[in-house]
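Enquirer: Sharing a sequence plus its predicted fold:
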Amino acid sequence: MPLLDVRNLTTSFHLRSGVVRAAQNISLQLDRGETLGIVGESGSGKSVTCYSIMRLIPQPPGRIESGEVLFDGQDLLQVSEAQMRDIRGTKISMIFQDPMTSLNPYLRISTQMIEAIRVHEKMDEKQALSKAITALEEVGIPDAASRVRSYPHEFSGGMRQRVMIAIALINDPDLLIADEPTTALDVTVQAQVLDIIKERQQRLGTAVILVTHDLGVVAGTCDKVQVMYAGQVVESGAVDQIFYEPQHAYTQSLQKAIPSLGEKNEALYTITGTPPDLAKPISGCAFYPRCPYPKIKGEEGDPPQLVERADGHCVRECGHCDRSKPIESVLAQEVTEAAE
Amino acid sequence: MSDSDTALREDFLVLENVEQHFDLGRALLTRESKGVVKAVDGISLTIREGEILGIVGESGCGKTTLSRTIMQLIRPTSGRIFLEGKELSALSDADIRAERINFQMIFQDPYASLNPRLTVFTTISEAIRTRHPDVRGEALRGRVIELLRTVGLNPAQMNRYPHEFSGGQRQRVAIARALAPEPKLVIADEPVSALDVSIQSQILNLLKRLSREMGLTMIFVSHDLSVVRYIADRIAVMYRGRIIELGRAETIVDDPRHIYTKALMSAIPQPDPRAERTRERILLEDEPPGADKSPGKDVEDDLEEVTPGHLVSTRPFERRVKEAEAPAQ
């Protein structure tokens, strides 16, 4: 049994302007010690998926419409709010993108860490403080015993993110959800932060969900990848399958859009247009209007289904574009279009 | 910098030994000086018209301070700055304000740089009217729509407020605003680090095209070397307020000479799982404590030309290489 088994999770936001289907029919499995990368552009439902798993969706306007989130065999969508509060922070923890806004600027690091510890464990303040210091040492903060008394503004961005990781990991959670944990950091600091997460994972068998838009980070850190577009999973599989045999046009386009260290072309490949408005119902393939392949059928039709192949590689295939043509055949024209 | 390109002005922006020091004040009781932070410590540079100069370095290396100094948002402690032969560092505050229409900045944090109480339309139309005060009505609306389209935003959203946009969209609004007054020099401080790859490539193409078509000169500050390599003509690598390596973008990335540049390069994850499993990392030891605040002796002009146009610092570098390490997998 996988540690986390999400089945057909659907989350919508009921706004005055309509119903935004932010995450539709998301399924994912994660074992202990595994890392799952979720990639996709902003608004594709990556964060909504994570927040739904944590049940942190503001309700209303949000609503988890259907699905199951089986964590260790228990459906998190069925437990009471009190039980959920207990699970958050002890069994499942989350790291957010911006360490500046997720730490309270008015409170010392020690106060914030002691609070996090004592919410979940009966412990006096002194014990909690020493536990906090140990946790800071584990994430490589030098001179932790005195730095624990600092305020967040006295730390650099990388240090603050390490504090966040220390807080998130302080109760040895089984699952760590990291929502763009290194986006705001320098490459050197990013490498350190990822190393800390990897090290903890190897030592304690923590499962990690890493939400990111940096395909380099995914390649270096993840075992499995899930590509999301317009609230749907369009492709998922092992990291090598996604990088070396990408099947969906969106995954292929994403990879072509990265300025690689190898080449310096005149223009970068771009995905034209913008993602669809999720407040409107999508007929057919959500990526159809931006698909780089020659179109052979109209947009209308049944929404393509996510099909799992024998090797565990899942793709949402649509038959409306001519996939036999190479993606480059439309590249030149696409680029000039984008430049206009 | 000698280059064969003669059509464009060679000495568009000139920096002569620019320094920006921040005095930390004196200790309360002993009155001893707490030292001086040399955020920018003697930088000389010449930027060609239409050139994109990439500045890379870790946070705290002085790249942001340097760009703010160039725009005269903070006046340099010493040194001179010329834009098209006009000495900016000698202008009065009032004249600088008039001059600032020619340079625009795209800031790192679109959350902080957009006024939350103005709609996107107001923000951009205000910026357009700093250069074209007479444009109004339909013409103004048309320009705003055009700008929004160029940066990949839906013009139908122009009456929304910044909080209604995602971080990426907000940064696009900030870029549209910077482009609105048709500036001569754009300083882009980490403009794409928060954007999705698909949007990032659009923005990079856009910035490159603008520099080509409008002769826009740009300083592109970033920590992402692959992005800088793509967009920049030359790259300057900064470390502790100084340039430690300068040269053509491809040269710096493909053939770095300084150990610091090499270490920086080795920290970048590649979008290639197999390469990632074998990526060698060069880790540097932490710098000696307090080194950034010590007065230090000034060493004049320490850049040596290793190949034509490729300059490397000859200063002693105080950080040693730890062992080379393969990533934990």
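Expert: Arrived safely. Predicted model, so just to flag it, every value in this text is computed and none were measured.

Enquirer: contacts, neighbours, all on C-alpha from now
Expert: OK.

Enquirer: Tell me the buried residues in the longest helix anywhere in chain B?
Expert: Looking across chain B with DSSP state H, the single longest helix is helix B:197-213. For helix B:197-213, the neighbour count (16 or more other Cα atoms under 10 Å in any protein chain shown) marks B:197-211 as buried.

Enquirer: Next: stretch A:46-55.
Expert: A:K46, A:S47, A:V48, A:T49, A:C50, A:Y51, A:S52, A:I53, A:M54, A:R55.

Enquirer: Could you find the closest non-adjacent residue to A:M54?
Expert: A:R88 (7.0 Å; Cα to Cα, 6 or more residues apart in numbering or on different chains).

Enquirer: before we move on, what about B:R68?
Expert: B:R68's closest residue in space is B:I74 (Cα to Cα, 6+ apart), at 6.2 Å.

Enquirer: Just the pLDDT for the one you found.
Expert: Per-residue pLDDT puts B:I74 at 85.

Enquirer: show me which of the buried residues of helix B:197-213 neighbour chain A.
Expert: Checked against chain A using Cα under 8 Å from any Cα of the partner chain, those yield the following neighbours: B:V197, B:S198, B:I199, B:S201, B:Q202, B:L204, B:N205, B:L206, B:R209.

Enquirer: So what's the residue count around the one residue in the stretch 151-300 of chain B that gets nearest to chain A?
Expert: Closest contact between the stretch 151-300 of chain B and chain A, by Cα to the nearest Cα, is at B:P271 (3.8 Å). When neighbours are defined as other Cα atoms under 10 Å in any protein chain shown, B:P271 has 20 of them.

Enquirer: Who's the closest spatial neighbour of it, skipping the chain neighbours?
Expert: That would be A:G216: by Cα to Cα, 6+ apart, it lies 3.8 Å from B:P271.

Enquirer: rewinding a little: okay, and which of the buried residues of stretch A:46-55 map to helices?
Expert: Going by DSSP H, the helices hold A:K46, A:S47, A:V48, A:T49, A:C50, A:Y51, A:S52, A:I53 from these.

Enquirer: how would you label residue 111: helix, strand or coil?
Expert: All of this is about chain A. Look at A:T111: counting by DSSP: H, G, I helix; E, B strand; the rest coil, its state is helix.

Enquirer: how much space between it and chain B?
Expert: Going from A:T111 to chain B by Cα to the nearest Cα, to the nearest Å gives 27 Å.

Enquirer: quick one: contacts for the residue positioned nearest the centre of chain B?
Expert: Residue closest to the mean C-alpha point of chain B, counted by Cα atoms, centre = their mean, is B:V221 at 2.4 Å. If a contact means Cα atoms under 8 Å, 6 or more residues apart in numbering or on different chains, then B:V221 has B:G54, B:I55, B:V56, B:K63, B:T64, B:I187, B:A188, B:D189, B:E190, B:P191 as its contacts.

Enquirer: Can you list which of those residues are found in helices?
Expert: B:K63, B:T64.

Enquirer: what would the contacts of B:V221 look like in JSON lines with neighbour count and pLDDT?
Expert: Below are the contacts of B:V221 laid out as JSON lines (neighbours: other Cα atoms under 10 Å in any protein chain shown; pLDDT from 0 to 100):
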{"residue": "B:G54", "neighbour count": "28", "pLDDT": "93"}
{"residue": "B:I55", "neighbour count": "28", "pLDDT": "92"}
{"residue": "B:V56", "neighbour count": "25", "pLDDT": "89"}
{"residue": "B:K63", "neighbour count": "29", "pLDDT": "82"}
{"residue": "B:T64", "neighbour count": "23", "pLDDT": "80"}
{"residue": "B:I187", "neighbour count": "25", "pLDDT": "89"}
{"residue": "B:A188", "neighbour count": "24", "pLDDT": "88"}
{"residue": "B:D189", "neighbour count": "22", "pLDDT": "84"}
{"residue": "B:E190", "neighbour count": "20", "pLDDT": "81"}
{"residue": "B:P191", "neighbour count": "25", "pLDDT": "81"}
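
Enquirer: Can you add distance to A:R63 and give the contacts of B:V221 back as TSV?
Expert: Below are those laid out as TSV (distance: Cα to Cα, whole Å):
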residue	distance to A:R63
B:G54	45
B:I55	45
B:V56	44
B:K63	45
B:T64	43
B:I187	43
B:A188	40
B:D189	38
B:E190	36
B:P191	34
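
Enquirer: Which of the contacts of B:V221 fall within strands?
Expert: B:G54, B:I55, B:V56, B:I187, B:A188, B:D189 (DSSP state E).

Enquirer: Output the below-cut-off pLDDT ranges for the chain.
Expert: By default, I'm working from chain A. Applying pLDDT under 70 to chain A flags residues A:99-100, A:260-266, A:297-301, A:325-340.

Enquirer: wrong one, I was asking about chain B
Expert: Across chain B, the ranges flagged by pLDDT under 70 are B:1-8, B:167-168, B:194, B:287-301, B:323-329.

Enquirer: Verify the stated contact: B:S193 with A:L185.
Expert: No. Counting by Cα atoms under 8 Å, B:S193 does not reach A:L185; the two are 9.4 Å apart.

Enquirer: shouldn't the residue nearest to A:M54 be in contact with A:R55?
Expert: No. Contact criterion Cα under 8 Å: A:R88 and A:R55 do not qualify, at 9.2 Å.

Enquirer: Can you classify the residue of the stretch 151-300 of chain A found nearest chain B as helix, strand or coil?
Expert: With Cα to the nearest Cα, the shortest gap between the stretch 151-300 of chain A and chain B falls at A:G216, namely 3.8 Å. For A:G216, the assignment made with three-state DSSP gives helix.

Enquirer: Next one: it from B:R319, what distance?
Expert: 27 Å (Cα to Cα, to the nearest Å).

Enquirer: number of nearby residues for B:R136?
Expert: Considering only other Cα under 10 Å, B:R136 is surrounded by 14 other residues.

Enquirer: scratch that, B:G215 is what I was asking about
Expert: 16.

Enquirer: Report the contact partners of it.
Expert: B:E49, B:G50, B:K184.

Enquirer: Assumed it was part of a helix.
Expert: No. If the criterion is three-state DSSP, then B:G215 is coil and not within a helix.

Enquirer: Near chain A, which residues of chain B? Just list them.
Expert: Checking chain B against chain A by Cα under 8 Å from any Cα, the hits are B:58-59, B:150, B:152-153, B:166, B:168, B:193-194, B:196-199, B:201-202, B:204-206, B:209, B:223-224, B:226-227, B:229-230, B:253, B:264, B:267-274, B:276-277, B:327-329.

Enquirer: Give me the buried subset of the residues you listed.
Expert: For the residues of chain B next to chain A, buried by 16+ other Cα under 10 Å: B:58-59, B:150, B:152-153, B:168, B:193-194, B:196-199, B:201-202, B:204-206, B:209, B:223-224, B:226-227, B:229-230, B:253, B:264, B:267-273, B:276, B:327.

Enquirer: would you list the ones in strands among the contacts of B:V221 in CSV and tack on distance to A:S66?
Expert: CSV is the format used below for those (distance: Cα to Cα, whole Å):
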residue, distance to A:S66
B:G54, 49
B:I55, 49
B:V56, 47
B:I187, 48
B:A188, 44
B:D189, 43
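
Enquirer: check contacts around A:S17.
Expert: A:S17 makes contacts with A:A279, as judged by Cα under 8 Å, 6+ apart.

Enquirer: how much space is there between it and chain B?
Expert: To chain B, A:S17 is 13 Å away according to Cα to the nearest Cα.

Enquirer: Distance to chain B for the ones in helices among the buried residues of stretch A:46-55 - can I get that in JSON lines?
Expert: Shown next, in JSON lines, are these (distance: Cα to the nearest Cα, whole Å):
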{"residue": "A:K46", "distance to chain B": "12"}
{"residue": "A:S47", "distance to chain B": "12"}
{"residue": "A:V48", "distance to chain B": "13"}
{"residue": "A:T49", "distance to chain B": "17"}
{"residue": "A:C50", "distance to chain B": "17"}
{"residue": "A:Y51", "distance to chain B": "16"}
{"residue": "A:S52", "distance to chain B": "19"}
{"residue": "A:I53", "distance to chain B": "21"}
